[in-house]
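Undergrad: Need a 3D model of the following:
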Amino acid sequence: MRLTTGFALWVVAAVAATAVGLVAVSAIGTDIFGAGQDPLSQSEVDDLLASRPSSPPAATTSSTPPPPEEKTTKTEGGTVIARCEGALVRIMSASPAQGFRVDPDDDEVDDHPSVKFQSGEREIEVRLRCVDGTPSAEIRYDD
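TA: Below you'll find the model as predicted:
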C-alpha cells in the first residue's frame, strides 16, 4: 500500500510540475498584463520605414576653425611636439630620450624656435618653422 501511495503522489507531483512548466513557457513573450505583441507584417514594416526621414539631419556648421594640427618629430635625442599658430611655431612639448636632457635655451636670437637634446658631448638640435601651416623640422647633429 505504501508503494502505491508513493507512486500516486509521485505521478501527481510530476503532472503538477509539467503543468506549471507549460504555463510558464506559454507566458514567455507576454507582458505582465497578459497581452503579447504580435509580430509586424511586411506592409506594417514598410509603412513604418516610409514614415521615417530618409536622411539624417544635416550637421550644423561651426564658425570656429579646427585647432591647429600638431606635428610630432622624433629623434634619437627625444621627441618634440609643435604646431603652427599663424606663421609662428609653438613648441607644445619636448621630451628627452633616456640618457639625454633638454638643453636650456641660449640667449642668442634665432629666426626659428629650436629644441636641443644633449648627452655628454653629443647634441641634437630640432629647428622648427611653419610651411603651409604645418610645422617643419630640420634636425642637426653635433657630435
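
Undergrad: can you tell me the helix or strand for Glu125?
TA: Using DSSP states H and E, Glu125 sits within strand 122-131.

Undergrad: Tell me the strands beside the helix or strand just after that strand, with direction?
TA: Next helix or strand after strand 122-131 toward the C-terminus (DSSP H and E): strand 134-142. Applying DSSP bridges, strand 134-142 is found paired with strand 122-131 (antiparallel).

Undergrad: Flag every buried residue along the strand it pairs with.
TA: 123-130 (16 or more other C-beta atoms under 10 Å). (Each C-beta comes from the backbone N, C-alpha and C, glycine too.)

Undergrad: So which residues of this structure form helices?
TA: 2-27, 42-51 (DSSP state H).

Undergrad: just to revisit the earlier point, could you give me the average pLDDT of the strand holding Glu125?
TA: Mean pLDDT, computed over strand 122-131, is 92.
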